[in-house]
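[1] Could you look at this predicted model? Sequence included:
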Amino acid sequence: MDAGIAFYFLAGLIIVALAFDFLNGLHDAANSIATIVSTRVLRPQYAVFWAAFFNFIAFLFFGLSVAKTVGTGIITTDIVDDSIIFGALMGAISWNVITWIGGIPSSSSHALIGGLLGAGIAKGGLSAVVASGVTKTAFAIVLSPAVGFSIAILLILLVSWICVRMSPFAVDGAFRWLQFVSASLYSLGHGGNDAQKTMGIIAVLLFSHGMLGSEFYVPFWVVITCQLAMGLGTLFGGWRIVHTMGSKITRLTPMQGFCAETGGAITLFMATGLGVPVSTTHTITGAIIGVGAARRVSAVRWGIARGIVFAWVVTMPAAGLIAAFFYYITRLF
């Protein structure tokens, strides 16, 4: 391929990757702000600015181990080419759009992982899969909502014990202010984990073009661009999913919103530190179900929760099949 044409292909794929990052912020905005909006602590138009700011500055607080996992730990780098990256991104973007239109809080992260696997297997078969990275990600599908659920319940019990002598009015007032802190922490965790997935995609694309030398790393301009794209996506919000996450699963008080966001943030901080690309959607949903179940089991609308879990199960294979389709389409040209 002519060098000039190759450059334009590369630039085009980077733009598509940033479009996915933007859609990730749009699609997952609900994860950061659903609880603070549903408890009426902050109006939606202000909540998105709050979340977008902390999404953007997340790179100041976290390393880039998640980006390395996505870039080198899902499929082997030696088979990566433009067709695989295009297929993976189109698979993830298509599934995000489908679930966003339907108001379904599926995982952008696992859509991207599924897309990578689908396009990678389409080219190199099962030998293209990096088993250790995929196993780590698969465990996270189960563990992240379970950990979020458990921490949220523990926080509810702890906070309830601390506030046992306070009036309901005083508790409500205090946690309306504290929710600003918990929402900030959760937005930091979201930006720190999710934006790195696109960083990994762009970095491995550059690596496959020989633009990073012999060692994989993430250039700083990629870090800033991805954080900015995600922050802008969050500004545009995803109100259908906010409604599902913030009110359909269970009704929340400011204290419960604080515990759900804090439980989710702790889970994301741990996962990002370990380099695990978890789903922020899974994590906050588990935490919200946890605070609802701590009140009483019947407080959770389990039918809604089952629908969300079904979307989780089908996300990776659905995005993978779409990615394989787009990969084969590119091979025709």
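    Yes, it's here.

[2] low-confidence ranges in the stretch 201-333 of the chain?
    237-251, 295-309 (pLDDT under 70).

[3] And the helices in it?
    With DSSP state H, counting those that start in this stretch as the criterion, the stretch 201-333 of the chain has helices at 220-236, 239-243, 254-274, 280-295, 302-330.

[4] of those helices, which approaches residue 65 most closely?
    If you check each of the helices of the stretch 201-333 of the chain against residue 65 by Cβ to Cβ, helix 254-274 wins as the nearest, at 7.4 Å. Using the backbone N, CA and C atoms, a C-beta is placed for each residue, glycine as well.

[5] can you give me how far the closest one is from the chain middle?
    Offset of helix 254-274 from its chain centre (Cα atoms, centre = their mean, to the nearest Å): 13 Å.

[6] what comes up buried for that helix?
    Residues of helix 254-274 classed as buried by neighbour count (16 or more other Cβ atoms under 10 Å): 254-269, 271-272.

[7] Just say which of the helices of the stretch 201-333 of the chain is most tucked in.
    helix 280-295 (a mean of 27; mean count of other Cβ atoms under 10 Å).

[8] thinking again about what came up before, which one of the helices of the stretch 201-333 of the chain lies nearest to residue 169?
    Residue 169 lies closest to helix 254-274 among the helices of the stretch 201-333 of the chain, at 11.4 Å (Cβ to Cβ).

[9] same for the closest one, what does it pack against?
    helix 3-38, helix 65-72, helix 131-162, helix 168-208, helix 280-295 (3 or more Cβ pairs under 8 Å, 6 or more residues apart in numbering; DSSP states H and E).

[10] now, of those helices, which is deepest in the fold?
    Each of the helices and strands packed on helix 254-274 was scored by mean neighbour count; the highest is helix 280-295, a mean of 27, by mean count of other Cβ under 10 Å.

[11] tell me the angle that one makes with helix 254-274.
    In terms of direction (axes from the mean of the first three to the mean of the last three Cα atoms, to 10 degrees), helix 280-295 departs from helix 254-274 by 140 degrees.

[12] quick one on the thing from earlier: want to throw the helices of the stretch 201-333 of the chain into TSV with distance to residue 7?
    Compiled in TSV, the helices of the stretch 201-333 of the chain are given as follows (distance: least, Cβ to Cβ, whole Å):
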stretch	distance to residue 7
helix 220-236	16
helix 239-243	37
helix 254-274	33
helix 280-295	34
helix 302-330	17
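
[13] Could you check those and tell me which one is nearest residue 54?
    Between these, helix 220-236 lies closest to residue 54; by Cβ to Cβ that is 8.8 Å.

[14] what distance separates the closest one from the centre of its chain?
    13 Å.

[15] Give me the residues contacting it.
    Residues outside helix 220-236 that contact it (Cβ atoms under 8 Å, 6 or more residues apart in numbering): 18-19, 21-29, 32, 48-49, 51-53, 55-59, 64, 191, 194-196, 198-199, 202-203, 206.

[16] about what we covered before: to residue 36, which of the helices of the stretch 201-333 of the chain lies closest?
    Nearest to residue 36 among the helices of the stretch 201-333 of the chain is helix 254-274; the distance by Cβ to Cβ comes to 6.2 Å.

[17] Nearest to residue 146 among the helices of the stretch 201-333 of the chain would be which one?
    Among these, the nearest to residue 146 by Cβ to Cβ is helix 280-295 (6.3 Å).

[18] Give me the pLDDT for the closest residue in space to residue 183 that isn't next to it in sequence.
    Spatial nearest neighbour of residue 183, excluding adjacent residues (Cβ to Cβ, 6 or more residues apart in numbering): residue 36 at 4.5 Å. Each residue has a pLDDT score; the one for residue 36 is 73.

[19] cool, residue 147 as well?
    Residue 147 carries a pLDDT value of 91.

[20] That one and residue 62: what is the separation?
    Distance of residue 147 to residue 62, given as Cβ to Cβ, to the nearest Å: 18 Å.

[21] Look up phi and psi at residue 107.
    Torsion angles at residue 107 (phi, psi; degrees, to the nearest 10) stand at phi -100, psi 120.

[22] give me every residue that touches it.
    So residue 107 contacts 279, 280, 281, 282, 312, 315 (Cβ under 8 Å, 6+ apart).

[23] Quick check: the gap between the fifth one and residue 156.
    Just to be clear, that refers to residue 312. 24 Å.

[24] quick one: low-confidence ranges for the stretch 1-150 of the chain?
    In the stretch 1-150 of the chain, residues with pLDDT under 70: 1-4, 28-32, 34-35, 39, 45, 103-105.

[25] ok, 80 please
    Applying pLDDT under 80 to the stretch 1-150 of the chain flags residues 1-7, 26-48, 100-108, 141-142.

[26] Distance of the nearest residue to residue 146 once chain neighbours are set aside relative to residue 144?
    Leaving aside its chain neighbours, residue 146 sits nearest to residue 286 (6.3 Å; criterion: Cβ to Cβ, 6+ apart). Applying Cβ to Cβ, the value for residue 286 to residue 144 is 7 Å.

[27] again with residue 283
    From residue 283 to residue 144 the distance is 5 Å (Cβ to Cβ).
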